[in-house]
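Student: Compute the structure for the input listed below.
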Amino acid sequence: AISVAAIDGAVHNASTLSDVMAVDLSPFMTASSTSEARAAVVSAWDAALSGPGFARITGHGVDASAIEALFDEASAFFSSPLEAKLEHKLGDGYGAFGAYTPAGVESVGRTEDGSEEAPPDLVENYVYFPTLTNDGPGGLHDAAEAYWEAMARLVRVLHEVSARALGLKPDFFEAFYDPSPSFALRLAYYPPMKGTPEAAAAAAAAAAA
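Tutor: Modelled structure (predicted):
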């Protein structure tokens, strides 16, 4: 068994990113890869997750251009006037409807204890679902779609690698995500806070009303 102390030590000893165990997934991203190459990936994944419990992945197939496009489009969207963003508000909070939720609507504190006195969260967000048809201005919808699809492919690969590491059938986890994954992509933006937290929370709640 791996002790908490051992895990804590591994975390603190990993002083730089290069110290964290890397697992190259590229053999699972290329159809021509050999079974030996894929087996090596599975062994490395098993060692990382059975040991410190975490790893960094390389060769994941998520193109840097997809990440940059999403960042740029999200930055432009959140920087736009509130009135423009509210045109893409489909519901109140927590991504149930997708698209935009302004700051002052959600509150983790209220979720935890049910207290209406808990202040709202000072965050606004845009949630993408594959079925979402209400897109943000510019290319936000297209950028979110491209990134979501890339991450969905990566999740399938990680599921297969994990299943093999556990001695299960490679497609063991697919049944839980068939016919299509239902997870969402949530883009959160915390605007610069003006004044005290209390004043900022009151302003956010008033703006969202």
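Student: worst-scoring helix or strand of the protein, pLDDT-wise?
Tutor: Taking mean pLDDT, DSSP states H and E as the measure, the helix or strand of the chain with the lowest value is helix 4-13, at a mean of 48.
Student: List of residues touching the next helix or strand after that one?
Tutor: The helix or strand immediately downstream of helix 4-13 is strand 22-24, counting by DSSP states H and E. Contacting residues not belonging to strand 22-24 are listed as Val41, Ala44, Trp45, Ala48, Ala55, Arg56, Ile57, Thr58, Gly59 [Cβ atoms under 8 Å, 6 or more residues apart in numbering]. C-beta here means a position set from N, CA and C on the backbone, and glycine is covered the same way.
Student: Sheet partners, orientation included, of strand 22-24?
Tutor: Paired strands of strand 22-24, with direction, are strand 56-58 (parallel) (DSSP bridges).
Student: residues making contact with the strand it pairs with?
Tutor: Residues outside strand 56-58 that contact it (Cβ under 8 Å, 6+ apart) are Leu17, Val20, Met21, Ala22, Val23, Asp24, Leu25, Ser26, Leu158.
Student: Need those residues in JSON lines (columns: neighbour count, pLDDT and distance to Leu140).
Tutor: JSON lines is the format used below for the contacts of strand 56-58 (neighbours: other Cβ atoms under 10 Å; pLDDT from 0 to 100; distance: Cβ to Cβ, whole Å):
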{"residue": "Leu17", "neighbour count": "8", "pLDDT": "57", "distance to Leu140": "29"}
{"residue": "Val20", "neighbour count": "16", "pLDDT": "82", "distance to Leu140": "32"}
{"residue": "Met21", "neighbour count": "16", "pLDDT": "88", "distance to Leu140": "35"}
{"residue": "Ala22", "neighbour count": "14", "pLDDT": "92", "distance to Leu140": "32"}
{"residue": "Val23", "neighbour count": "22", "pLDDT": "95", "distance to Leu140": "31"}
{"residue": "Asp24", "neighbour count": "15", "pLDDT": "96", "distance to Leu140": "32"}
{"residue": "Leu25", "neighbour count": "20", "pLDDT": "96", "distance to Leu140": "28"}
{"residue": "Ser26", "neighbour count": "14", "pLDDT": "96", "distance to Leu140": "30"}
{"residue": "Leu158", "neighbour count": "17", "pLDDT": "96", "distance to Leu140": "26"}
